[in-house]
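Enquirer: generate a structure from the sequence data that follows.
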Amino acid sequence: MSDINVLVLMGGPDAEREISLKSGAMIAAALREAGGFIVHEQIIDKPTSTELRALPGDVIFPVLHGPFGEGGPLQEIMEADGRPYVGSRPRAARIAMDKISSKLFARTAGIRTPPARILIAGEPCDLEMPVIVKPVDDGSSVGVRRCFDAAQFAAARAELEVKHQRLMAEKLIVGREITVGILERDLLPMIEVVTSQEFYDFSAKYERSDTQYILDPALAPEIQAEIAYASRTIYERIGCRDIARVDFMVDEVGAWFLEINSMPGMTDHSLVPKAATHAGITFPKMCARLVEKSLSRMKGNHRMARNAANAVQAHAADASSASTESQVALEGASQGASEGNTATMTRDQSGAQDQTND
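Expert: Numbers count the residues shown, from 1 in each chain. Below is the predicted model of the structure:
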């Protein structure tokens, strides 16, 4: 069997570009170490379909983080390209990137998630302090602020509203931070993140050396079961594929779902590679497995592009089914909640979301 040509995409226009560059370089090196692959590394910004088609490769491994590269637009371009690629399809990528949308999916599955509100400039927020203010669709703790009183909340909004189009406020849960990687449909070992910082911010994730990562942390059996159920359920209901990471906070009430990442970081500080290694899956083996899985989905000639009309139709269907309403409130009840007692959700505008996988 001849070597497989893999196009590793990295960079992108989003705030996490530098993390993407590190992740892409590590994946390229891992595939070369695994053997059987000819690796083409390509730094991109926002390529067109025509530009992507001109790049070499039998399969695409996109390692971008942020709204463009991880949140649907790049996935739509790769769908039109027709080659197999690693990661979630457009609709699932959009839902996972949008923290409010993913919380809605969690809520409909009966999974506990902190109350949250979309923040609209000039309008008040009825959540009680303390809260977290953060962009709806960014990762790596970019633009995250903890607010313990009205003055801090006003300052955070004033700072972030000029930098981000969509902001949210979420009830602050103080407790243990637990994350779960998913490889295909297999749950990787849980990791507890312990940081000397106020919280697990960008610096703690990628710059500091004193952040502790506790594999297989000591958790009550019922909490482990709750986290495992929530992780797999959210992954499957949103329609993610290949790889993801699901983040939780755990307090005396139980586990609280925060977000799901459909293309988690792949640097030497990143959590999914650490969990996979602990499970006996080396980084080269994991990367090779993801490429082989994506190839196995494409029957026949995987170089053949899809019919242009079908691509347009799929794009329109995706845009319709995954629309996220701008006015969403997640309210409700957490004090004294037992397992399965979750926030109550209301939507100012109606429109059910199709949960069928892409």
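Enquirer: mind checking the SS state of the residue lying closest to residue 180 once chain neighbours are set aside?
Expert: Leaving out its chain neighbours, the residue that sits closest to residue 180 by C-beta to C-beta, 6 or more residues apart in numbering is residue 231, at 4.4 Å. Yep, even glycine has a C-beta here, placed from its N, CA and C like the rest. Under DSSP: H, G, I helix; E, B strand; the rest coil, residue 231 falls in the helix class.
Enquirer: same thing with residue 6?
Expert: Residue 6 ends up strand, using three-state DSSP.
Enquirer: hang on, isn't it packed against residue 39?
Expert: Yes. The pair residue 6 / residue 39 is scored as a contact, 5.3 Å apart, by C-beta atoms under 8 Å.
Enquirer: quick check: neighbours shared by those two?
Expert: Common neighbours of residue 6 and residue 39, using C-beta atoms under 8 Å, 6 or more residues apart in numbering, are residue 31.
Enquirer: neighbour count: the two, which is higher?
Expert: residue 6 (28 against 21; other C-beta atoms under 10 Å).
Enquirer: run through the bridge partners of the more buried one.
Expert: On the basis of DSSP bridges, residue 6 is bridged to residue 39, residue 59.
Enquirer: what about it, distance to residue 120?
Expert: 43 Å (C-beta to C-beta, to the nearest Å).
Enquirer: same check on residue 285?
Expert: For residue 285, the distance to residue 120 equals 47 Å [C-beta to C-beta].
Enquirer: least confident secondary structure element in the protein?
Expert: strand 344-347 (a mean of 36; mean pLDDT, DSSP states H and E).
Enquirer: could you list the low-pLDDT ranges of the protein?
Expert: For the chain, the stretches with pLDDT under 70 are 1, 139-141, 197-209, 299-358.
Enquirer: taking the centroid of it, which residue is nearest it?
Expert: In the chain, the residue lying closest to the centroid (C-alpha atoms, centre = their mean) is residue 261, at 1.3 Å.
Enquirer: residues in contact with that one?
Expert: Listed by C-beta under 8 Å, 6+ apart, the contact set of residue 261 reads 70, 96, 139, 244-247.
Enquirer: including secondary structure, neighbour count and distance to residue 10, could those go into CSV?
Expert: As requested, those are exported to CSV (DSSP: H, G, I helix; E, B strand; the rest coil; neighbours: other C-beta atoms under 10 Å; distance: C-beta to C-beta, whole Å):
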residue, secondary structure, neighbour count, distance to residue 10
70, helix, 30, 12
96, helix, 28, 19
139, coil, 28, 15
244, strand, 25, 19
245, strand, 24, 18
246, strand, 29, 23
247, strand, 19, 23
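Enquirer: any chance of these in TSV, with distance to residue 51 too?
Expert: Shown next, in TSV, are the contacts of residue 261 (distance: C-beta to C-beta, whole Å):
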residue	distance to residue 51
70	19
96	25
139	25
244	28
245	29
246	33
247	33
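Enquirer: ranges for the helices of the stretch 51-200 of the chain?
Expert: 67-70, 73-81, 90-97, 99-108, 150-160 (DSSP state H, counting those that start in this stretch).
Enquirer: now those in CSV, with distance to residue 16?
Expert: What follows is the helices of the stretch 51-200 of the chain, written out as CSV (distance: least, C-beta to C-beta, whole Å):
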stretch, distance to residue 16
helix 67-70, 8
helix 73-81, 13
helix 90-97, 12
helix 99-108, 15
helix 150-160, 16
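Enquirer: out of those, which comes closest to residue 298?
Expert: Comparison of the helices of the stretch 51-200 of the chain against residue 298 by C-beta to C-beta identifies helix 73-81 as nearest, at 11.8 Å.
Enquirer: what is the burial count for residue 142?
Expert: Around residue 142 sit 18 other residues, with neighbours defined as other C-beta under 10 Å.
Enquirer: actually residue 184, sorry about that
Expert: The burial count assigned to residue 184 is 12, neighbours taken as other C-beta under 10 Å.
Enquirer: ok, it to residue 242 distance?
Expert: Counting by C-beta to C-beta - residue 184 and residue 242 are separated by 6 Å.
Enquirer: equivalent analysis for residue 116, please.
Expert: The gap separating residue 116 from residue 242 is 27 Å, by C-beta to C-beta.
Enquirer: quick one: residue 42 and residue 55 touch, right?
Expert: Yes. The pair residue 42 and residue 55 passes the contact test of C-beta under 8 Å, sitting 5.7 Å apart.
Enquirer: shared neighbours, these two?
Expert: residue 7.
Enquirer: between those two, which is the more surrounded one?
Expert: Applying other C-beta under 10 Å to residue 42 and residue 55 shows that residue 42 carries more neighbours, namely 19 against 15.
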